[in-house]
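In: Sharing a model prediction with you, sequence too.
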Amino acid sequence: MSEKAWQDLYSQVGAALKPSPIRELLKLTKKPGMISFAGGNPDPAIFPVKEFAEAAHIFAERGQEVLQYGMTEGFEPLKSFLAEWMAPKMGRVTQSEEMLITTGSQQVTDLFCSVMVDPGDTVIVEEPTYPGALHTMRNHRVRFLGVPCDENGMQVDLLPEIIGKARAEGQKIKFIYTIVNFQNPSGYTLSAERRRRLLEISVETGIPIYEDDPYGLLRYNGTDEPTIFSMDTQGMVIYAGSFSKILAPGSRVGWVVSPKEVTRKMVMVKQGVDMCTSVVAQAAVYEYCRLGYLDSHLPKILDHYRKKRDAMAEAFNRVLPSNAVYSVPEGGFFFWIRLPGVDTKELFYKAVEKGVAFVVGDSFYPYGGGSDTLRTCFTFAQPEEIGEGARRLGLAISELGGK
Amino acid sequence: MSSFWEPLYGRATRSLKPSPIREMLHLTRRPGIISFAGGMPDPAAFPVDAFREAANRILEEQGRDILQYGTTEGYPPLKSFLSSWTAPRMGKALAEDELLITAGSTQVVDLLSWATIDPGDSIVCEEATFLGSTGTMRNHGASFITVPCDAEGMKVDLLPALLEGAKEKGQKVKYIYTIPNFHNPLGCTLSLERRRLLVRIAQEWGIPILEDDPYGYIRYDGEHLPTLFELDDRGIVIYAGSFSKILAPGTRVGWAAGDREIVRKMAVFKQAVDVCTSVVAQAQVYKYCELGYLDAFLPKIIAHYRKKRDDFETAMRRSLPMEEVSWVKPQGGYFYWLQTPRVLARELFDRAIEKQVAFVLGEPFFPNGGGERAFRMCFTFASPEQTEEGMNRLGDAIRDCLSPA
């Protein structure tokens, strides 16, 4: 059929759907010699390949079970492992009925939106925020309300006014989406005080919180802040976790913990979305955890990435212009840099010419913005590439007239 | 807490219902129950050792690649394997951009529905059809136009009038959903003549067909019929395939084949729903195929289930009151569809559960109502002894319904 014929058949979201601008820009970076600080990928060099392969013996021991259709709710042994393992973070051992295993934490956003959102409803997000979440929410025809961030994360003090104004306009606010630790893209961590305040506001206004925490276990220095979930006594918070950063994204195994009735609704939606998350993937992840590798390997990952972060901090300190604004993240994957007076889209093309790639800041704003910002990922590039990539970036900036 | 969350839910959530089959499975897991209910493969037929070998080898050879994020479109080696392996059935080797790997074929329905359905739009389907699919479509706001079926599948000649009627009422038909081979739940197979006619009508009307074919490779007798995809020369057919029945459902690996325009659109939606299908699972499935096990085991799986179907048929003929029930012997797949003109399936179900045997009621398969005197039984899951005993119990339950004590 012709493109035109398909156009007539598309849904409204289908017709409006555009490929992600990040993915389009990334295509330009697939040149030999390119040093990429762009994608948010882990370093495959630190994947526990041998240990994961060992875990595959579960196929021999429980093959008939794990090759069969699984429960939509998830592979029960993995759920009970997670409930115990996450208890220090969650403040308690959560119950099986509160937890749902998902196909990565991306799926949590899709399921939660399916449960909560009617077209035109409002979701509160950080500015900047993770574009993958924006993409999913956009498909559900969400209207965004952005809250600015600083080094302590979302400026929650602004919330009451933002909420009040939106409600006065008749907006229906369905939830607050926040990446609490080492946020993507800013690297910021929401302070303990702000977490408490955010929860207070959530209770006062009756707006639930979606606490997305894929990076929470990747802290390189400083001390952990309590999860918002652990502070919540009223069932206002849903918490999403993922094995993508602490084991391997290729497993596509994540999870969500939420009040039982919400979990139950998400389970029903998941039945129609993919029935259940790959049981073979869940079982291999479970066995890897059960053998103790999650605990024994995590410190290695932390060391590996801490060094890379330090290398990038050191290189940026050397090559970025003196008016560049950024802070060194205490965990996660990303540096967020503001270059006053520089259009980072222009800079992108210049940088690609020089052989280094990053993501333009504009992509992280629901309705655009941040034209002088950019994100660099420090986990994927090899140590020797980090210094050289930074040098190329510095060169590109100075050629554009940055100071 | 329900007082807090309830008013915040979206409209669709308020009418969201759990899949009746999944719910019933809880009931049928009770000890002592012989279940003909769920449509599950026989775990005894799973190639456990071969899969384990494949899993180990691919992790040794490609560990770092397959633990990383994959491309949304699918693991390239699996795609090229599928392209050549499915070529005889598809009528050509699929190009890379005509193929999308999905989390089972359920996801094909979800992604196509994302791309096409606005609330209130219509989907054409068989009068009774896989309720997982209609559930997914309903979550996207679809309503249904149903087409009666007989032993040769959908009565395609009725379609033009139905489409005309929909057009007059201002209904927008977004696609035609059909399970052409060994239909779930009806067990019937769409005849060649009707396949040709269906494709012609779809082309004339410019309405795509979603050809859902999870059972197509599990044929016990007769010759394979050409796929709708092969019969179509205009890119109007989207074909959904799955490893669930030819390897194992726990992998959750399926695929969509179709016009590159719609495949690209579905891939962009897939980015938002799960980024990519588990690369670990895809790679293990690929290695299993590449080592030749798919071709080696498929005949065994077919032989295993053919025998089960034949045992089932024998048991039914022996134990059921033949004048009260009718069915069409399926040439493949998983299901028998029984019609009981004098017995309400709901009443029969209660009596059957009392006697410790379970099946699935006909009604939930009918998106627009019907099927009160019909039910589905799966013959692949129960053991031969269970089949024989279960059928005795079912025969008694039917007789009890007809002459209540």
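Out: Noted; the coordinates are in hand.
In: What parts of the stretch 251-400 of chain A come near chain B?
Out: With Cβ under 8 Å from any Cβ of the partner chain as the criterion, the stretch 251-400 of chain A comes near chain B at residues A:251-253, A:259, A:261-262, A:265, A:267-269, A:271-281, A:283-284. From N, CA and C alone the C-beta is placed, and that goes for glycine too.
In: out of those, which are inside helices?
Out: Within those, residues falling in helices by DSSP state H are A:261-262, A:265, A:267-269, A:271-273, A:279-281, A:283-284.
In: Provide a list of residues in contact with residue A:41.
Out: A:249, A:377, A:379, A:380, B:68, B:69 (Cβ atoms under 8 Å, 6 or more residues apart in numbering or on different chains).
In: so it, which of the three states?
Out: coil (DSSP: H, G, I helix; E, B strand; the rest coil).
In: got the phi/psi numbers for it?
Out: phi -90, psi 150 (degrees, to the nearest 10).
In: And it, what's its pLDDT?
Out: On pLDDT, residue A:41 comes in at 93.
In: Turn the contacts of residue A:41 into CSV, including secondary structure and neighbour count.
Out: What follows is these, written out as CSV (DSSP: H, G, I helix; E, B strand; the rest coil; neighbours: other Cβ atoms under 10 Å in any protein chain shown):
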residue, secondary structure, neighbour count
A:249, helix, 26
A:377, strand, 24
A:379, coil, 22
A:380, coil, 21
B:68, coil, 18
B:69, coil, 18
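In: wait, which of the residues you listed is closest to residue A:355?
Out: residue A:380 (15.4 Å; Cβ to Cβ).
In: who's in contact with the closest one?
Out: By Cβ under 8 Å, 6+ apart, the contact list for residue A:380 reads A:36, A:37, A:39, A:40, A:41, A:42, A:43.
In: right, is the longest helix seen in chain B up against chain A?
Out: If you go by DSSP H, chain B has its longest helix at helix B:293-319. No. Contact of helix B:293-319 with chain A (Cβ under 8 Å from any Cβ) is absent, the minimum separation being 12.1 Å.
In: What is the subsequent helix or strand relative to that helix?
Out: Using DSSP states H and E, the helix or strand that follows helix B:293-319 in sequence is strand B:335-339.
In: which helices and strands sit right next to that following strand?
Out: Where contact means 3 or more Cβ pairs under 8 Å, 6 or more residues apart in numbering or on different chains; DSSP states H and E, strand B:335-339 is packed against strand B:374-378.
In: Each with direction, which strands does the strand it packs on pair with?
Out: strand B:335-339 (antiparallel), strand B:360-361 (antiparallel) (DSSP bridges).
In: before we move on, what SS does residue A:239 have?
Out: Reduced to three states by three-state DSSP, residue A:239 is strand.
In: gap between the nearest residue to it once chain neighbours are set aside and residue B:208?
Out: Closest residue in space to residue A:239, ignoring its immediate chain neighbours: residue A:229 at 4.2 Å, by Cβ to Cβ, 6 or more residues apart in numbering or on different chains. Residue A:229 sits 43 Å away from residue B:208, going by Cβ to Cβ, to the nearest Å.
In: Rounded mean pLDDT for stretch B:200-218, please.
Out: Computed over stretch B:200-218, the average pLDDT equals 97.
In: do stretch B:145-155 as well
Out: Here the average pLDDT along stretch B:145-155 is 97.
In: Same question for stretch B:104-112.
Out: Stretch B:104-112 comes out at a mean pLDDT of 97.
In: quick one on the thing from earlier: contacts for the one helix or strand the residue nearest to residue A:239 maps to, please.
Out: Element membership of residue A:229, judged by DSSP H and E, is helix A:228-231. Applying Cβ under 8 Å, 6+ apart, the set of residues contacting helix A:228-231 from outside is A:89-92, A:178, A:180, A:195-196, A:198-199, A:209, A:211, A:237-239, A:257.
In: Equivalent analysis for stretch B:335-344, please.
Out: Under Cβ under 8 Å, 6+ apart, the answer for stretch B:335-344 is B:39, B:128, B:182-188, B:312, B:316, B:324-328, B:330, B:348, B:362, B:372-379, B:398, B:401-402.
In: In ChimeraX, how would I select the buried members of these?
Out: In ChimeraX syntax, the buried subset of the contacts of stretch B:335-344 is picked out as below (16 or more other Cβ atoms under 10 Å in any protein chain shown):
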select /B:39,128,182,183,184,185,186,187,188,312,316,324,325,327,328,330,348,362,372,373,374,375,376,377,378,379,398,401
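In: leaving aside the residues next to it on the chain, what's closest to residue A:198?
Out: In space, residue A:198 is closest to residue A:156, 4.6 Å off (Cβ to Cβ, 6+ apart).
In: From what I see, the one you found and residue A:197 are in contact.
Out: Yes. With contact defined as Cβ atoms under 8 Å, residue A:156 reaches residue A:197; the gap is 4.9 Å.
In: higher neighbour count, the two?
Out: residue A:156 (24 against 17; other Cβ atoms under 10 Å in any protein chain shown).
In: quick one: residue A:87 and chain B, what's the gap?
Out: In this structure, residue A:87 and chain B are 21 Å apart, going by Cβ to the nearest Cβ, to the nearest Å.
In: per-residue confidence at the residue nearest to residue A:198?
Out: Reported pLDDT for residue A:156: 98.
In: can you pull the contacts of it?
Out: A:147, A:194, A:197, A:198, A:201.
In: contacts for the one helix or strand in chain A whose mean pLDDT sits lowest?
Out: When each helix and strand of chain A is scored by mean pLDDT, DSSP states H and E, helix A:21-27 comes last, with a mean of 73. Outside helix A:21-27, the residues within contact range by Cβ under 8 Å, 6+ apart are A:38, A:39, A:131, A:348, A:357, A:359, A:360, A:363, B:271.
In: Tabulate the residues you listed in TSV, adding columns for secondary structure and distance to residue B:366.
Out: What follows is the contacts of helix A:21-27, written out as TSV (DSSP: H, G, I helix; E, B strand; the rest coil; distance: Cβ to Cβ, whole Å):
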residue	secondary structure	distance to residue B:366
A:38	coil	51
A:39	coil	47
A:131	helix	42
A:348	helix	55
A:357	strand	54
A:359	strand	50
A:360	strand	52
A:363	helix	46
B:271	helix	35
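In: Spit out the contact partners of residue 134.
Out: All of this refers to chain A. Contacts of residue A:134 (Cβ under 8 Å, 6+ apart): A:125, A:144, A:366.
In: not what I meant, chain B
Out: B:123, B:125, B:142, B:144, B:367.
In: Try it again at 7 Å.
Out: Under the criterion of Cβ atoms under 7 Å, 6 or more residues apart in numbering or on different chains, the neighbours of residue B:134 are B:125, B:144, B:367.
In: per-residue confidence at the nearest residue to residue A:227 once chain neighbours are set aside?
Out: Leaving aside its sequence neighbours, residue A:227 sits nearest to residue A:89 (Cβ to Cβ, 6+ apart; 5.4 Å). On the pLDDT scale, residue A:89 is placed at 97.
In: Is residue A:89 located within a helix, as I assumed?
Out: Yes. Judged by three-state DSSP, residue A:89 forms part of a helix.
In: Could you check how far it is from residue A:231?
Out: 12 Å.
In: Now list the buried members of the contacts of helix A:228-231.
Out: A:89-90, A:178, A:180, A:195, A:198-199, A:209, A:211, A:237-239, A:257.
In: Mind putting these into TSV with distance to residue B:35?
Out: Output for those, formatted as TSV (distance: Cβ to Cβ, whole Å):
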residue	distance to residue B:35
A:89	40
A:90	36
A:178	45
A:180	45
A:195	48
A:198	48
A:199	46
A:209	42
A:211	40
A:237	39
A:238	34
A:239	36
A:257	32
